[in-house]
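[1] after the sequence you'll find the predicted model.
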2 protein chains.
Amino acid sequence: MAVSSPPTLQDIARALGLSVTTVSRALAGYSDVAPATRERVRQMARKMGYRPHAWARRLRQRRTDTLGFIIPTHGPRFSDPFFSEFLAGIGNEAAQHDYDLLVSTHGPGQREIDAYERMVAERRVDGFLLVRTRVDDPRVRFLLAHQVPFVTFGRTQAENAHPWVDVDGEAGLYALTQLCLQHGHRRIAYIGAPPDLMHARHRLAGYRRALADAGVPQNPAWVQVGDLTEESGYRAAQVLLRLRPRPTALLAANDLMALGALAAVHEAGLQVGKDVAVAGFDDVPLAAHTQPPLTTVHQPIYDIGRRIVAMLIALLRGQPLPQQQVLLQPRLVVRASCP
Amino acid sequence: MAVSSPPTLQDIARALGLSVTTVSRALAGYSDVAPATRERVRQMARKMGYRPHAWARRLRQRRTDTLGFIIPTHGPRFSDPFFSEFLAGIGNEAAQHDYDLLVSTHGPGQREIDAYERMVAERRVDGFLLVRTRVDDPRVRFLLAHQVPFVTFGRTQAENAHPWVDVDGEAGLYALTQLCLQHGHRRIAYIGAPPDLMHARHRLAGYRRALADAGVPQNPAWVQVGDLTEESGYRAAQVLLRLRPRPTALLAANDLMALGALAAVHEAGLQVGKDVAVAGFDDVPLAAHTQPPLTTVHQPIYDIGRRIVAMLIALLRGQPLPQQQVLLQPRLVVRASCP
DNA sequence: TTCACCATCCAAAACGATTTGGAAGCGCTT
DNA sequence: AAGCGCTTCCAAATCGTTTTGGATGGTGAA
């Protein structure tokens, strides 16, 4: 026998002298197939190595069993430990429910929506996962307008319009700032994220509220904005360290920028943890191994990935969600960089 | 008009009083459609917002226009800056050629092949991308046996049996070791990768060859094996730093382990770059911002991703590959950690 | 005997595209 | 007027499933 294409329902039906219908229904476990027949079909299917053709099935069922995830990249040289962990989470959860994950990459901008539009129009996916939400997020607007199901990691302006999971960044930065205050710091600087990102707002608000609650005066010069890369954290820290009087603590909106800040502090001949405290947000695996180890706010990225996928699949299957919106409380991880 | 499902060829045909065939062929640009008709069809298609149904088309064409990429995760808390950059590369190149990227995650082990088997048997993908190749790689064996096209990042035992792109790790570690030798180091230790990984062999070989060429005696105790995480680099470095006489240089098989080593050196009260030199491999973005900045070997991950996808697509389209196997020469990036 | 009622099976119609193998109409030559 | 070649169009088959709406034959009750 020559190398042949994989067996179809047809082939099984022919081999057993049955109809395609019966074979299909036998394998699907319908009750209008005699038990003996069902068994014969099952055996033959196994023997012939039958596997259903994914697309034929999906075409007929008018579902894709596929989730879309478009990674919001910046430059080509983009690298964020966040995404690998998140991908592991959504990948595993999706696989567990027999869903495929269609992944693409696209930076914010004009053509960004086209990438979503294409997947929706060509019926490639049943729903989307969104991360790095922006305050007025065009992706959210588009998906809402087209009634495409989606779940986001992070809130948006339209808080009640869609399901999301988020970590309470305000509480995180409140705790971080409070930690510094308790250690006597009064000149606490903040390296924030681009203000169009939703989490930038919350984290900045947490920082401000902690200072306000403690009655500590705020200095606009102590708040810098970075773009979440090490490089931008490095530069922002350089600026802050040149101020007089110099801030004694640098809080960053994420760990990568905090790592950049660490480098800047070292370079300025200052000692991290003694002369200047530094802290971040995310608790990337690396944070435990910097010099000194980085104080930060832990986000359970992997679990959030799983959770978001589980929510989206429930949504697609019409199952009720116990919670449409989930706000997780972050955990402060105190290490030597900000004791 | 109620919210209706997206228009099909049928709808266009009905609207114009044409057959589905003609509409299909008009849109596909066949020459057996009158120019005037073609134009009418095009206009109507645009007006109705017609988009071809991806699966229907693929079912008929018996192609998937989809590439499979299964991320080899270790634990759930896996995080490697490598993957985000690689994903950006393969994602962008695939999109450019109108290919989809089906992503899944799976750790090495028994069920690993099942993930591939499933995608192949259910005809979900046309071919695969493989990374983190192992010496005797079960994925390679499986795909070769089933005649599924694939391209790997990294060589395997079966060097000539499949197309690959790789960075010459032996040359990289040769250069790195030579750099240390030139600076007078004689006790150069190496923190290697798991020996089942193909690149572990090459890099270790480069280290050994450089020492041999220089006539420097080798000490088995100076070669440790890590698992590519910061944590393992940290531990391995601790072991190495306790040896007497102490090695004066620590070379690691990747940057993450080198970062761990940096931490261990600091913790031992030694000064990196003065008392002990440290170097890595990969040139992750972070490497430029460690304390001190990390000497390393640069790998153009993003470009390699693009290149691998381009090769796979050429393969799928039956186009001849100019080069079945591509060995790139790495670039040494000298920074302060190993001056 | 007749009829209802199961249990079991199946033909045919989807799903939405592409491809095959003509058919119809027209102009031109002979 | 017949034959040929072109242009332009289309009906039907096809990809591999699922689903719909019966068909068939046997059993038991009336």
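    Yep, that arrived. Residues are numbered from 1 along each chain as shown, chains lettered A, B, ... in the order given.
[2] so how far is stretch A:184-199 off the chain centroid?
    Centre-to-centre, stretch A:184-199 and its host chain are 21 Å apart (CA atoms, centre = their mean, to the nearest Å).
[3] just the endpoints, please. Distance across it?
    End-to-end distance for stretch A:184-199, by CA to CA, to the nearest Å: 27 Å.
[4] same question, stretch A:322-329
    Stretch A:322-329 has an end-to-end distance of 18 Å (criterion: CA to CA).
[5] mean confidence (pLDDT) on that stretch, please.
    Averaged across stretch A:322-329, pLDDT comes to 96.
[6] buried residues in that stretch?
    A:325-326 (16 or more other CB atoms under 10 Å in any protein chain shown). The way it works is simple: take the backbone N, C-alpha and C, and place the C-beta from them, glycine included.
[7] who touches it?
    Outside stretch A:322-329, the residues that touch it by CB atoms under 8 Å, 6 or more residues apart in numbering or on different chains are A:155, A:159-160, A:163-168, A:171, A:300, A:304, A:307, A:311.
[8] farthest pair within these?
    The largest separation in the contacts of stretch A:322-329, counting by CB to CB, is between A:N160 and A:P300 at 24.0 Å.
[9] who's more crowded, those two?
    A:P300 (17 against 9; other CB atoms under 10 Å in any protein chain shown).
[10] what about the strands in the stretch 101-250 of chain A?
    A:127-130, A:150-153, A:164-167, A:188-192, A:223-225, A:249-252 (DSSP state E, counting those that start in this stretch).
[11] check these for me and report the most buried one.
    strand A:249-252 (a mean of 31; mean count of other CB atoms under 10 Å in any protein chain shown).
[12] counting by contacts, list what that one packs against.
    On a contact count with 3 or more CB pairs under 8 Å, 6 or more residues apart in numbering or on different chains; DSSP states H and E, strand A:249-252 meets helix A:169-182, strand A:188-192, helix A:230-242, helix A:255-267, strand A:277-279.
[13] of these, which approaches DNA strand D most closely?
    Among these, helix A:169-182 comes nearest to DNA strand D, with 43.6 Å by CB to the nearest atom of the strand.
[14] among the strands of the stretch 101-250 of chain A, which is nearest DNA strand C?
    strand A:127-130 (18.0 Å).
[15] and the strands of the stretch 101-250 of chain A as a markdown table, adding distance to DNA strand D?
    Supplementary listing: the strands of the stretch 101-250 of chain A in a markdown table, determined by distance: least, CB to the nearest atom of the strand, whole Å:
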| stretch | distance to DNA strand D |
| --- | --- |
| strand A:127-130 | 19 |
| strand A:150-153 | 25 |
| strand A:164-167 | 31 |
| strand A:188-192 | 51 |
| strand A:223-225 | 52 |
| strand A:249-252 | 51 |
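[16] reformat the ones you listed as JSON lines; add mean pLDDT.
    Formatted as JSON lines, those follow (pLDDT from 0 to 100):
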{"stretch": "strand A:127-130", "mean pLDDT": "98"}
{"stretch": "strand A:150-153", "mean pLDDT": "98"}
{"stretch": "strand A:164-167", "mean pLDDT": "98"}
{"stretch": "strand A:188-192", "mean pLDDT": "98"}
{"stretch": "strand A:223-225", "mean pLDDT": "97"}
{"stretch": "strand A:249-252", "mean pLDDT": "98"}
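[17] need those strands in JSON lines with distance to A:D282, can you?
    Shown next, in JSON lines, are the strands of the stretch 101-250 of chain A (distance: least, CB to CB, whole Å):
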{"stretch": "strand A:127-130", "distance to A:D282": "18"}
{"stretch": "strand A:150-153", "distance to A:D282": "13"}
{"stretch": "strand A:164-167", "distance to A:D282": "9"}
{"stretch": "strand A:188-192", "distance to A:D282": "13"}
{"stretch": "strand A:223-225", "distance to A:D282": "17"}
{"stretch": "strand A:249-252", "distance to A:D282": "10"}
